[in-house]
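Novice: task: produce atomic coordinates for the following.
(2 chains)
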2 protein chains.
Amino acid sequence: MYLLNGESKHCVDVSDRGFQYGDGLFETIEILNGKPLFLSSHLDRLLAGCERLLIPPPDRKILTQEARRMSSEVDHAVLKLMVTRGSGGRGYRQPAAIHPTRLFSRHPYPQYPETLQNQGVAVRFCRNRLGLNPTLAGIKHMNRLEQILARAEWRDDDIQEGLMLSHEGYVIEGTMSNVFYVKDQRLISAPVERCGVAGIVRSLIFNLADQHAIEARQDYFLPEQLLQADEIFLTNSIIGIWPVNKLEQQAFTIGPLTKKLQTAYQQLKQREAQHD
Amino acid sequence: MYLLNGESKHCVDVSDRGFQYGDGLFETIEILNGKPLFLSSHLDRLLAGCERLLIPPPDRKILTQEARRMSSEVDHAVLKLMVTRGSGGRGYRQPAAIHPTRLFSRHPYPQYPETLQNQGVAVRFCRNRLGLNPTLAGIKHMNRLEQILARAEWRDDDIQEGLMLSHEGYVIEGTMSNVFYVKDQRLISAPVERCGVAGIVRSLIFNLADQHAIEARQDYFLPEQLLQADEIFLTNSIIGIWPVNKLEQQAFTIGPLTKKLQTAYQQLKQREAQHD
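Specialist: Residues are numbered from 1 along each chain as shown, chains lettered A, B, ... in the order given. Here you go, the predicted structure:
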């Protein structure tokens, strides 16, 4: 199901700058029990992204209504929201009057085996790196060739995710997820000020850590440091929290902090799904 | 006029990865006297880009036929060719079978005043920088947010172009052009191995310099060095060669090497337009 500027269409004019240049933003939202989860946080990030890219923000009320309409009476699915700068302008130059395109699309929830949550996933390091760009860092923009090339580095279905380093060599995130590790009871994830995406679940995890008195901080770390971790896990809005059981050749166990945060996140999701 | 996978359409399915992620490539070609100029060089770069992005290359013969069809009986115009990875795949992961989308679109030739060629243009330095990515460097891919943000830095119509630095601080190119400078009879342009686009005219200029016994090389340079130049000019497939008469607050004259290359490039274009 699709909703393109409020109409049931799934064909966009090729002049749309989203198609021409990747000139836009997106959000990927879990629908549960007829509700788009953490919609408010997703819209916050989207509208912050609009500000960063100088796209006039679409009306938040309309986005909220349309997101609810796309989710109502849907048990479990994925909702994708895209906002582009629309058509017009001369080359890279923006048009004088910007009329953003907004698109909602609904997709089946991916058939991930339960074991990924319970027994963890195998991950690898990618050779493709993230270029540094403070203006684009943190937001979920539509220029995703770096992630596509990194995801193309492996075909082995037993490896669920690849970790990407910044141009300088720090571990920043997975191709489609944020990465956390635990060392000596402390939880660490990389800053996303120079590259990377400020994940919605990533930010919820920092909140949950605070509520559960888990010491947590943002800090840069190297692959060698990650290999010395006590626990590692991945987060995004669709997978939730996936523990890592293997990184390259090294095995990891699913530790107590990961399990505690998984339980807390599940509870948060259930409350969010029931909340009106 | 549009040609989408051989059909006269200008609406693309929103599932196309070109729209979803900027997952594709493009070429901007000058049509003159019914002929797409330097088509062979454009297709070389496009197909090299396909190889780099792991997109199965469209049939070169079909691209050539369609480009000629779009250009025939057209006096002067701009032809844009886009190739995307098509639809499918799961998130960033490519589909098992890739069916690329190819799109030709024809646009009026921009109404640039003659004075830009003859008297030169004013340019500035941009604050937005180019992230480093050797896999994406050189090719003309559809992830263009860096250029869009750089182009959004000024609105003054008297400034025709903005120069972008690499993350490390070297001058690499304009938002839509390559940049050359002359110092002590030597012609210099930045390498495009870590960021930037390997322009078709840029490469023709290096050939012409060789033919005219002008010493030319690729080398990194800083803004301070560019401000000390004897001559500066910009190139792309639509503007040809624009001399720079002002960079920030500093004036430049249109020098002998720039004029010699402008004449040589015009002759090359005329030969190309007549050639069958």
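
Novice: now residue A:264: how far from residue A:253?
Specialist: Noted for residue A:264: a distance of 19 Å to residue A:253, by C-beta to C-beta, to the nearest Å. (C-beta placed from N, C-alpha, C; glycine too.)

Novice: likewise for residue A:238?
Specialist: Relative to residue A:253, and taking C-beta to C-beta, residue A:238 is found at 25 Å.

Novice: looking at residue A:264 and residue A:253, which one has more neighbours?
Specialist: Counted by other C-beta atoms under 10 Å in any protein chain shown, residue A:264 and residue A:253 do not tie: residue A:264 has more neighbours, with 19 against 11.

Novice: relative to residue A:240, how far out is that one?
Specialist: 11 Å.

Novice: mutual contacts of the two, please.
Specialist: The overlap between the contact sets of residue A:264 and residue A:240 (C-beta atoms under 8 Å, 6 or more residues apart in numbering or on different chains) is empty.

Novice: give me the contact list for the longest helix along chain A.
Specialist: Ranked by residue count under DSSP state H, the longest helix found in chain A is helix A:256-274. For helix A:256-274, the external contacting residues (C-beta under 8 Å, 6+ apart) are A:30, A:32-33, A:35, A:37-38, A:117, A:182, A:185, A:187, A:201, A:204-205, A:208-209, A:211-212, A:214, A:231, A:233, A:240-241, A:243.

Novice: now do that helix, average pLDDT.
Specialist: For helix A:256-274, mean pLDDT rounds to 96.

Novice: please apply the same query to stretch A:187-202.
Specialist: 98.

Novice: quick one: neighbours of residue A:250, just the number.
Specialist: Neighbours around residue A:250, by other C-beta under 10 Å: 12.

Novice: with the one 10 residues further on instead?
Specialist: Taking other C-beta under 10 Å as the criterion, the count of residues near residue A:260 is 14.

Novice: buried residues, stretch A:169-182. List them.
Specialist: A:170-182 (16 or more other C-beta atoms under 10 Å in any protein chain shown).

Novice: and if you look at stretch A:223-239?
Specialist: Neighbour-count burial for stretch A:223-239 [16+ other C-beta under 10 Å]: A:226, A:229, A:230, A:231, A:232, A:233, A:234, A:235, A:236, A:237, A:238, A:239.

Novice: same check on stretch A:56-64?
Specialist: So stretch A:56-64, judged by 16+ other C-beta under 10 Å, has buried residues A:58, A:63.

Novice: and chain B, which of the buried residues of stretch A:169-182 contact it?
Specialist: Checked against chain B using C-beta under 8 Å from any C-beta of the partner chain, the buried residues of stretch A:169-182 yield the following neighbours: A:175, A:176.

Novice: can you list the buried residues of stretch A:169-182 in JSON lines and add secondary structure and pLDDT?
Specialist: Shown next, in JSON lines, are these (DSSP: H, G, I helix; E, B strand; the rest coil; pLDDT from 0 to 100):
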{"residue": "A:170", "secondary structure": "coil", "pLDDT": "98"}
{"residue": "A:171", "secondary structure": "strand", "pLDDT": "98"}
{"residue": "A:172", "secondary structure": "strand", "pLDDT": "98"}
{"residue": "A:173", "secondary structure": "strand", "pLDDT": "98"}
{"residue": "A:174", "secondary structure": "strand", "pLDDT": "98"}
{"residue": "A:175", "secondary structure": "coil", "pLDDT": "98"}
{"residue": "A:176", "secondary structure": "coil", "pLDDT": "98"}
{"residue": "A:177", "secondary structure": "coil", "pLDDT": "98"}
{"residue": "A:178", "secondary structure": "strand", "pLDDT": "98"}
{"residue": "A:179", "secondary structure": "strand", "pLDDT": "98"}
{"residue": "A:180", "secondary structure": "strand", "pLDDT": "98"}
{"residue": "A:181", "secondary structure": "strand", "pLDDT": "98"}
{"residue": "A:182", "secondary structure": "strand", "pLDDT": "98"}
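
Novice: of the buried residues of stretch A:169-182, just say which sits nearest to residue B:44.
Specialist: Set against residue B:44, the nearest of the buried residues of stretch A:169-182 by C-beta to C-beta is residue A:175 (30.1 Å).

Novice: got the contact list for the closest one?
Specialist: Residue A:175 touches A:126, A:147, A:150, A:151, A:161, A:162, A:164, B:92, counting by C-beta under 8 Å, 6+ apart.

Novice: how about 6 Å then?
Specialist: By C-beta atoms under 6 Å, 6 or more residues apart in numbering or on different chains, the contact list for residue A:175 reads A:147, A:150, A:151, A:162, B:92.

Novice: quick one: the first one from residue B:210, how far?
Specialist: Here residue A:147 is placed at a distance of 40 Å from residue B:210 (C-beta to C-beta).

Novice: of these two, who's got more company?
Specialist: residue A:147 (24 against 11).

Novice: got the confidence number for the more buried one?
Specialist: 98.

Novice: check which helix or strand covers it.
Specialist: According to DSSP states H and E, residue A:147 maps onto helix A:145-151.

Novice: ok, then the element right after that helix?
Specialist: Proceeding N to C from helix A:145-151, the next assigned helix or strand is strand A:159-165, under DSSP H and E.
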